[in-house]
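>>> Sequence plus predicted model, see below.
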Amino acid sequence: MSNEEENTIPNVIYDKNTGKSYIKGRFFGKGGFAKCYEITESKSHQVFAGKIVPMSLMAKHNQREKMTQEIAIHQSLNHRHIVGFHGFFDDNKNIYIILELCRKRSMMELHKRRKALSECETRYFMKQILDGVFYLHQNKIIHRDLKLGNLFLNDDLQVKIGDFGLAAKLVHDGERKKTVCGTPNYIAPEVLTKTGHSYEADIWSIGCIMYTLLVGKPPFETSSLKETYSRIKQVQYKTPQHISKPAMNMVANMLQLTPSKRPSVARLIRDTFFTSGYMPTSLPLSCLTMAPRLDMLESHCNRRPLGEMNLNGYTEQDILSNRVPNSPSRKAKPNEITEPQRVNLDIRKMLQTMKEQIGIVLKTKPAKEIISSADELTDPAAQPVIWISKWVDYSDKYGFGYQLSDDSVGVMYNDGTRLIMMANGYNIHYINREGDELYYTVKDCPVNLEKKMKLMNFFMKYMNEHLMKAGGSIAVKQSDSLSRIPYIHQWFRTQTAVVMQLTNGTVQINFLDHAKIIMCPLMTAVTYIDHDKNFKTYRLQTIQENGCCKGLTDNLVYAYEKIKLMLQNSHAR
């Protein structure tokens, strides 16, 4: 969409059919022909996603027909795990589709940040995906493009299936479609061979999704499309040893060459995988960037289901409310690296990746071109999940205190230990010198942490009075007990900036002139907050291709030098 076309999107969008008007808000992303904005209905103040397609792109008859079919199918759907459809209309410039806003983006961003998920999280997401697809199949609809990028997440991390651009409605049972469509990594063999496909093609895609969630990469992915298609046709994928038998069996059932051998959604919902271990009823937002504490909970019972865990004398409620005493970390075998050592290695690897990514961008001398202020060069989907919103340096006496964007507060003490108070003001995470994570609540905080808690309260009081935005304490949710938030791994001050690295790989630099950059190696993106507090996220690839403003270039040059320094000195504070 060119700047000229962008300017044809009015700031107030009027639906002449209903008389409703919508105020165009921030740019939310783009895909295919469409651009997406947050839009607010003037009277009710309800916020939606506005999918906007220029009429100029609908000139071809088949494009208009496809759009009509997508709208007709999506409009007919109403289910808790399908993106809500709230209307459509057009003017002489654009077609506007009003959809449910999924602020937590798609599962593709979750995958990029987290790679492999725990089996508990996989159960949670798979159950919702299957519920949504069951509804589609009941209504004789094949989605035909099920993939992580089309599975959206709302503020409660509930799955919403979207993008019905390739969906087809079957007129009668047994009908087979012949069109080759879908996304290479998720496409079923019968779609590739044009032998006719139906609901089973969706089951294959769900198998690919489940494998990707468990393993961290799609089952048939290669660097060559030809090789990927060859592997799909031969059902050739690796079975990692660390994945449980029930999980791999469920995947194998879906990834069968013969479509008729694949189980229906109804059968999959009853698969033993769902009863072979703990399935949370909700997940904390921290799961978007950090593995949950489920891994810790499961280590209490050597990965047995929660039902069996209860035999130890603790109820599910005890576990979820932290009343189970913290067991010491499993002793590492000789020559085996410990969990804290692995975390350090991962963080160092991410730092090295970031250095290489920024190095490639700087070689193109990006400041020679001025990036247009056009929204389309930004990528809001790559925005950081968590960043440091406030900090205070008392390292001459106690340590370094900070507040994260989710309102949790952390202190990195001078003795190398760390304490984090979650935004609910109830859950506490303590990280000892060895890097072991221990979990408490304000009710059961041990005596040996009393002094550190007093210092934490001192930091919180200071930031509350001098720095923090006033905000009520956030209510305690059941999922908080599963939350693990990133904490500061290392930090240092220079004459011009404060450099901070979080354990999720994010590096943030706050400059004394109030500009900030937040760099994420997993999303290959940088967020630039200028002096006027404009918050814009760019993929590094975009900067490479289009250049960027001088301010951001200067900050990236500075960041590159400081990251080199951090790699040389892994023992920075």
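In hand now; what should we look at?

>>> for the residue most central in space within the chain, what are its contacts?
Among the residues of the chain, Leu110 comes closest to the average C-alpha position under C-alpha atoms, centre = their mean, at 2.7 Å. Leu110 makes contacts with Leu117, Leu148, Leu153, Cys287, Leu288, as judged by C-beta atoms under 8 Å, 6 or more residues apart in numbering. (Each C-beta comes from the backbone N, C-alpha and C, glycine too.)

>>> can I get these in a markdown table with neighbour count?
Formatted as a markdown table, these follow (neighbours: other C-beta atoms under 10 Å):
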| residue | neighbour count |
| --- | --- |
| Leu117 | 24 |
| Leu148 | 21 |
| Leu153 | 23 |
| Cys287 | 27 |
| Leu288 | 19 |
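
>>> which pair in those spans the largest distance?
Leu148 and Cys287 (14.7 Å; C-beta to C-beta).

>>> I'd like to know which of the contacts of Leu110 are part of strands.
Among those, the members found in strands (DSSP state E) are Leu153.

>>> Could you tell me whether the residue nearest to the centre of the chain really is in a strand?
No - the assignment for Leu110, made by DSSP: H, G, I helix; E, B strand; the rest coil, is helix rather than a strand.

>>> Could you tell me how many residues sit around Lys451?
Residues within reach of Lys451, counting by other C-beta atoms under 10 Å, total 11.

>>> and it, how far is that from Lys461?
Distance, Lys451 to Lys461, using C-beta to C-beta, to the nearest Å: 16 Å.

>>> Same question for Met250.
Counting by C-beta to C-beta, the gap from Met250 to Lys461 is 51 Å.

>>> More neighbours: these two, which one.
When neighbours are counted by other C-beta under 10 Å, Met250 comes out ahead of the other of Met250 and Lys461, with 25 against 11.

>>> Tell me the predicted confidence for Pro246.
With respect to pLDDT, Pro246 scores 98.

>>> so where does it fall, helix or strand?
helix 245-254 (DSSP states H and E).

>>> Which other helices and strands does that helix contact?
On a contact count with 3 or more C-beta pairs under 8 Å, 6 or more residues apart in numbering; DSSP states H and E, helix 245-254 meets helix 199-215, helix 265-269.

>>> got the ones you listed as a markdown table, with distance to Thr40 columns?
Shown next, in a markdown table, are the helices and strands packed on helix 245-254 (distance: least, C-beta to C-beta, whole Å):
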| stretch | distance to Thr40 |
| --- | --- |
| helix 199-215 | 33 |
| helix 265-269 | 36 |
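
>>> Can you say which of these is packed in most?
Of the helices and strands packed on helix 245-254, the one with the most neighbours on average (mean count of other C-beta atoms under 10 Å) is helix 199-215, at a mean of 25.

>>> Identify the residues contacting stretch 209-228?
With contact meaning C-beta under 8 Å, 6+ apart, stretch 209-228 is reached by 107, 111, 115-117, 119, 121-122, 125-126, 129, 146-148, 151, 184-186, 207-208, 231-232, 236-238, 240, 243, 247, 250-251, 254-255.

>>> What's the PyMOL syntax to select whichever of those residues are buried?
The buried subset of the contacts of stretch 209-228, as determined by 16 or more other C-beta atoms under 10 Å, is captured in PyMOL by this line:
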select buried, resi 107+111+116+117+119+121+122+125+126+129+146+147+148+151+185+186+207+208+231+232+237+243+247+250+251+254+255
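
>>> any idea how far Ile488 is from Lys355?
Separation of Lys355 from Ile488 (C-beta to C-beta): 19 Å.

>>> Looks like Ser244 contacts Glu119 (just checking).
Yes - at 6.1 Å, Ser244 and Glu119 qualify as touching, with contact defined as C-beta atoms under 8 Å.

>>> what sits in contact with each of those two?
Gly277.

>>> follow-up on the earlier one: mind checking which of the helices and strands packed on helix 245-254 is nearest Arg484?
Nearest of the helices and strands packed on helix 245-254 to Arg484, taken as C-beta to C-beta: helix 199-215 at 18.1 Å.

>>> next helix or strand past that closest one?
Using DSSP H and E, the first helix or strand after helix 199-215 is helix 225-234.

>>> for the stretch 151-300 of the chain, what are the low-confidence residue spans?
The stretch 151-300 of the chain contains residues with pLDDT under 70 at 178, 294-300.

>>> Double-check that Val191 belongs to a helix.
Yes - with three-state DSSP as the criterion, Val191 is part of a helix.

>>> Which residue is the nearest non-sequential neighbour of Asn11?
Leaving aside its chain neighbours, Asn11 sits nearest to Lys24 (5.2 Å; criterion: C-beta to C-beta, 6 or more residues apart in numbering).

>>> Could you measure from the one you found over to Leu377?
Applying C-beta to C-beta, the value for Lys24 to Leu377 is 18 Å.

>>> Count residues in the vicinity of Lys454, would you?
Taking other C-beta under 10 Å as the criterion, the count of residues near Lys454 is 9.

>>> That one is in what secondary structure piece?
According to DSSP H and E, Lys454 maps onto helix 450-466.

>>> buried sites along that helix?
By 16+ other C-beta under 10 Å, the buried positions in helix 450-466 come out as Lys452, Met453, Leu455, Met456, Phe459, Met460, Met463, Asn464.

>>> same check, this time on stretch 77-88
Leu77, His79, His81, Ile82, Val83, Gly84, Phe85, His86, Gly87, Phe88.

>>> again with stretch 89-105
Quick answer for stretch 89-105 (16+ other C-beta under 10 Å): Phe89, Asn94, Ile95, Tyr96, Ile97, Ile98, Leu99, Glu100, Leu101, Cys102, Lys104, Arg105.

>>> Also stretch 49-60?
Buried-residue list, stretch 49-60, by 16+ other C-beta under 10 Å: Ala49, Gly50, Lys51, Ile52, Val53, Pro54, Leu57, Met58.

>>> Quick one: residues contacting the first one.
Okay, so that is Ala49. Phe28, Cys36, Tyr37, Glu38, Ile39, Ile98, Leu99, Glu100, Leu101, Cys102 are the contacts of Ala49 under C-beta under 8 Å, 6+ apart.

>>> Mind listing the residues bridging to the fifth one?
Spelled out, it's Ile39. Lys24, Phe48 (DSSP bridges).

>>> Can you report how many residues lie near it?
26.

>>> And for Lys550?
Using other C-beta under 10 Å: Lys550 sits among 12 other residues.

>>> Apart from its chain neighbours, what residue comes closest to it?
Using C-beta to C-beta, 6+ apart and skipping residues adjacent in sequence, the residue nearest Lys550 is Ala367, 4.7 Å away.

>>> Now do that neighbour, the pLDDT please.
Looking at Ala367, its pLDDT reads 70.

>>> That one - that's part of a strand, no?
No - going by three-state DSSP, the assignment for Ala367 is helix, not a strand.

>>> so who does Phe535 touch?
Applying C-beta under 8 Å, 6+ apart to Phe535 gives the contacts Gln383, Thr527, Tyr528, Ile529.

>>> quick one: the second one and Val159, what's the gap?
Pointing back at Thr527 there. To Val159, Thr527 is 26 Å away according to C-beta to C-beta.

>>> just Ile337 next, same as before
Remark: distance between Ile337 and Val159 (C-beta to C-beta) = 35 Å.

>>> higher neighbour count, these two?
Between Ile337 and Val159, Val159 has the larger neighbour count (other C-beta under 10 Å), namely 25 against 12.

>>> What's opposite that one in the beta bridge?
The partner residues for Val159, given DSSP bridges, come to Leu153.

>>> Hmm, it is touching Asn150, no?
No - look at Val159 against Asn150 with C-beta under 8 Å: they stay out of range, at 10.4 Å.

>>> quick one, which of the helices and strands packed on helix 245-254 is nearest to Lys564?
helix 199-215 (33.0 Å).

>>> all strands of the stretch 301-450 of the chain, in order?
Here the stretch 301-450 of the chain has its strands, by DSSP state E, counting those that start in this stretch, at 388-394, 399-404, 409-413, 418-421, 427-431, 437-441.

>>> Right, I'll call it a day here.
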